[in-house]
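*Asks:* I would like to see how this sequence folds:
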Amino acid sequence: MTRVTGPTTHRRRDVLLGLAAFGALSPTGLLAQPVTGTSARPIRLVVPYAAGGPIDVTARWLAERVRDSLGVVVVDNRPGAGGNLGVDLVAKAAADGHTIGISAVATHAINPWLFSRMPFEAARDFAPITQILRVPNVLVMNAQTAERLNIRSLQDLVTYARAHPGQLNYGSGGNGSAGHLAGEMFKKAAGIFAVHIPYNGGNPAQLALLSGQVDFNIDNLATAAPNIRAGKLKALAVTTAKRASVMPEVPAMAELLPGLEIDTWWGLVAPAGTPGDVVQRLHQAFATALNDPQTRTRFAQLMAEPVVNAPAAFGEFMASERAKYEKVVKASGARVD
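*Replies:* Model prediction:
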């Protein structure tokens, strides 16, 4: 028996085909499917800072190392507002694993308390993937100042500062900067008073230290290392819980002041709501890259130590850092309106 198909049947078929095609392009269709294995669609890795800095360098290194497992990863630099602009792009992106971004101590621990208005909620708008690394901070003095004041150790600095309250000063890259807050944490733990002198950025602060305009700074080890090795700066202590493997001769601040730990760190996050299996796939790919001996060697050149932790553990770490810096920022009075 021959089946008769009229205009109504053809129209129904065309509508169904059209709906199927629309579904392939819709948020629940093929183009928006979560990352699975090597994706034909590039993954965007948002770096909320300018190209050329250490965060950008490490992001580009890892993007190449995960190419075989995830496909093409494109680094997208979106600096501005202390990192908030780029991070906000990640927060508002589709939660399908095709947009991920860098989270850092500034964007996810300091800025929530420093800025009066934030475009995202650091505790709620992201799915943690893994920490990437930590860079030790180091308390450094102008070498000539240290020699003149007979300061050869952190204990010497604390003893001098207690005996001469307000006579020492320290510089930073500005009010609310990591160096400023690290200095305030050190002062509180050591029970000393030193005058904070803010500069317009890290480089001017470093130049002020080298020229003897300020007595000490707390800077990241990658920035300070060349001048330490050149004998222009004297390293008194790193701010990690233990001595840094990249400069083990420098004591840890916690050896004198137990519990004081001030790391510079960054990691990877996806938008909140990203499926758990997608987060795990991203985590596995980047964890493998971070555990590669070549990555450890490359990061050591930046005075950085790779760190891999589970997504939940990284989330807990960021929460603890937010709680720590909430107290410090509020006590410092620093604010960005």
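*Asks:* can you give me the helices for this structure?
*Replies:* 7-25, 54-65, 67-70, 84-91, 105, 111-114, 143-148, 154-163, 178-190, 202-210, 221-229, 276-290, 293-300, 311-332 (DSSP state H).
*Asks:* any chance of those in JSON lines with mean neighbour count and distance to D125 as columns?
*Replies:* Using the backbone N, CA and C atoms, a C-beta is placed for each residue, glycine as well. Formatted as JSON lines, the helices of the chain follow (neighbours: other CB atoms under 10 Å; distance: least, CB to CB, whole Å):
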{"stretch": "helix 7-25", "mean neighbour count": "10", "distance to D125": "26"}
{"stretch": "helix 54-65", "mean neighbour count": "19", "distance to D125": "20"}
{"stretch": "helix 67-70", "mean neighbour count": "16", "distance to D125": "23"}
{"stretch": "helix 84-91", "mean neighbour count": "22", "distance to D125": "4"}
{"stretch": "helix 105", "mean neighbour count": "24", "distance to D125": "17"}
{"stretch": "helix 111-114", "mean neighbour count": "21", "distance to D125": "11"}
{"stretch": "helix 143-148", "mean neighbour count": "15", "distance to D125": "45"}
{"stretch": "helix 154-163", "mean neighbour count": "17", "distance to D125": "39"}
{"stretch": "helix 178-190", "mean neighbour count": "22", "distance to D125": "22"}
{"stretch": "helix 202-210", "mean neighbour count": "19", "distance to D125": "28"}
{"stretch": "helix 221-229", "mean neighbour count": "18", "distance to D125": "29"}
{"stretch": "helix 276-290", "mean neighbour count": "19", "distance to D125": "14"}
{"stretch": "helix 293-300", "mean neighbour count": "14", "distance to D125": "28"}
{"stretch": "helix 311-332", "mean neighbour count": "17", "distance to D125": "12"}
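*Asks:* so which of those helices comes closest to R124?
*Replies:* helix 84-91 (9.1 Å; CB to CB).
*Asks:* sorry, back to before: reformat the helices of the chain as CSV; add mean pLDDT.
*Replies:* As requested, the helices of the chain are exported to CSV (pLDDT from 0 to 100):
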stretch, mean pLDDT
helix 7-25, 41
helix 54-65, 96
helix 67-70, 96
helix 84-91, 98
helix 105, 95
helix 111-114, 96
helix 143-148, 97
helix 154-163, 98
helix 178-190, 95
helix 202-210, 94
helix 221-229, 91
helix 276-290, 98
helix 293-300, 94
helix 311-332, 95
